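Visitor: Structure for the following, please:
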Amino acid sequence: MLVAQVEGLSKRYGTVQALDRVDVVIEPGCTGLVGSNGAGKSTLIKLLLGLLAPDQGRASVLDHDVAADPLAVRAQVGYLP
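Guide: Residues are numbered from 1 along each chain as shown. Here you go, the predicted model:
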């Protein structure tokens, strides 16, 4: 089972394009998310948890479609901002 799968995920805040058609597959194991300030790390995490709605694209976490069942995702994932 994949930890997460992201296809064509985009998110814009006004004139700022935070994510632009991101494709990512996260396999089981230790994974880090690194990047400079404003790179879209927090936006990606919030999209994966269903806390934000994407402008386009789709994501699944632990075989749960994030858009269809965000509560199932959050029941299995811990997040401390």
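Visitor: so where's the protein uncertain?
Guide: The chain contains no residues with pLDDT under 70.
Visitor: got the residue ranges for the helices in the protein?
Guide: 41-48, 70-76 (DSSP state H).
Visitor: Buried deepest among these, which one?
Guide: Highest mean neighbour count of the helices of the chain: helix 41-48, a mean of 20 (counted as mean count of other CB atoms under 10 Å). To be clear about C-beta, it is placed using only N, CA and C from the backbone, and glycine gets the same treatment.
Visitor: Give me the contacts around that helix.
Guide: For helix 41-48, contacts defined as CB atoms under 8 Å, 6 or more residues apart in numbering pick out 4, 6, 9, 11, 18-19, 22, 24, 33-35, 52-54, 59, 61, 66, 73, 77, 79, 81.
Visitor: Relative to the whole chain's centre, how far out is it?
Guide: 4 Å (CA atoms, centre = their mean, to the nearest Å).
Visitor: ends of stretch 55-70, how far apart?
Guide: The straight-line separation of the ends of stretch 55-70 (CA to CA, to the nearest Å) is 16 Å.
Visitor: Just the buried residues out of the contacts of helix 41-48, in PyMOL syntax.
Guide: Restricted to buried positions by 16 or more other CB atoms under 10 Å, the PyMOL selection for the contacts of helix 41-48 reads:
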select buried, resi 4+6+9+11+18+19+22+52+54+59+61+66+73+77
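Visitor: Among the helices of the chain, which comes closest to Pro28?
Guide: Within the helices of the chain, the stretch nearest Pro28 is helix 70-76; the backing value is 13.2 Å (CB to CB).
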